[in-house]
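>>> can you look at this prediction? I've put the sequence above it.
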Amino acid sequence: MNDNTSEHHSDDREADQFPEDFVVEDHSVENLLTRVAKLERRNRIVMYIFSLFVVVVLISATFSVLNQNIIVQQKLMESKELTLIDSQGNARLFIRMFSRVPVLQILDANGKPRMSMGLRFDDTPFIDLSDRKGNTRATLEITSDDSPALTMFNKNGDTTFTIN
């Protein structure tokens, strides 16, 4: 009798869960299983997309932190003049601003300027070559009308040859 009573109680519990007019048809179970399978598939796709999104966010945040902490953008050096010296402590090269114009000047072992290059006040470029005394003997330049010019000087500084 106990067996019948326990079966009866479980049937009552199951009956309480569904209305009396509830009828399970074979095709409705198949429909339900199909819908559950579709929902599970959608759920997996949503989880994959969410996981991908999390990975992308983490990677971009990592690169952002790395860029801020590792790659430091800064001025390495700023100066109005740079002097390079040789092993004896003699100045051999100057990069400097002469009255608002940039000039690079190379000196010989005695400290005399042998080559200078830079821009003039009108922003035209030039190259000066000098003798051992530091006197300019030849100048190659682009003039203000964008024409090339070569000028040569004697030891006194007088023009001996010009070509434009």
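Cool, got the structure.
>>> Ile163 and Ser147 touch, don't they?
No. Ile163 lies out of contact with Ser147 (CB atoms under 8 Å); the separation is 10.3 Å. C-betas here are computed from N, CA, C, even on glycine.
>>> show me the strands in the protein, by range?
Remark: strands assigned in the chain by DSSP state E are 81-85, 91-98, 101-107, 113-119, 125-130, 136-142, 148-153, 159-163.
>>> just the C-alpha atoms of the first one, please, in CSV.
These are the backbone C-alpha positions of strand 81-85, laid out as CSV (Å, rounded to 0.1, in the frame of the first residue of the first chain):
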residue,chain,number,x,y,z
GLU,A,81,74.7,75.6,-29.8
LEU,A,82,76.2,72.1,-30.0
THR,A,83,80.0,71.6,-29.9
LEU,A,84,81.7,68.4,-30.8
ILE,A,85,85.2,68.0,-29.4
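>>> ok, that strand: who's next to it in the sheet?
With DSSP bridges as the test, strand 81-85 is paired with strand 91-98 (antiparallel).
>>> one more: the last one?
Applying DSSP bridges to the sheet, strand 159-163 is found paired with strand 148-153 (antiparallel).
>>> can you give me the buried ones in the strand it pairs with?
In terms of neighbour count (16 or more other CB atoms under 10 Å), strand 148-153 has its buried residues at 151, 153.
>>> what does stretch 86-102 give?
Neighbour-count burial for stretch 86-102 [16+ other CB under 10 Å]: 92, 94.
>>> list residues touching both of Ile163 and Ser147?
Counting by CB atoms under 8 Å, 6 or more residues apart in numbering, Ile163 and Ser147 have no common neighbour.
>>> about what we covered before: make CSV out of the strands of the chain and add mean pLDDT and distance to Arg44.
Compiled in CSV, those are given as follows (pLDDT from 0 to 100; distance: least, CB to CB, whole Å):
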stretch, mean pLDDT, distance to Arg44
strand 81-85, 88, 64
strand 91-98, 89, 65
strand 101-107, 91, 66
strand 113-119, 93, 68
strand 125-130, 95, 68
strand 136-142, 95, 71
strand 148-153, 95, 74
strand 159-163, 93, 82
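>>> turn those into CSV, columns for distance to Val56.
What follows is those, written out as CSV (distance: least, CB to CB, whole Å):
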stretch, distance to Val56
strand 81-85, 46
strand 91-98, 47
strand 101-107, 47
strand 113-119, 50
strand 125-130, 51
strand 136-142, 53
strand 148-153, 57
strand 159-163, 65
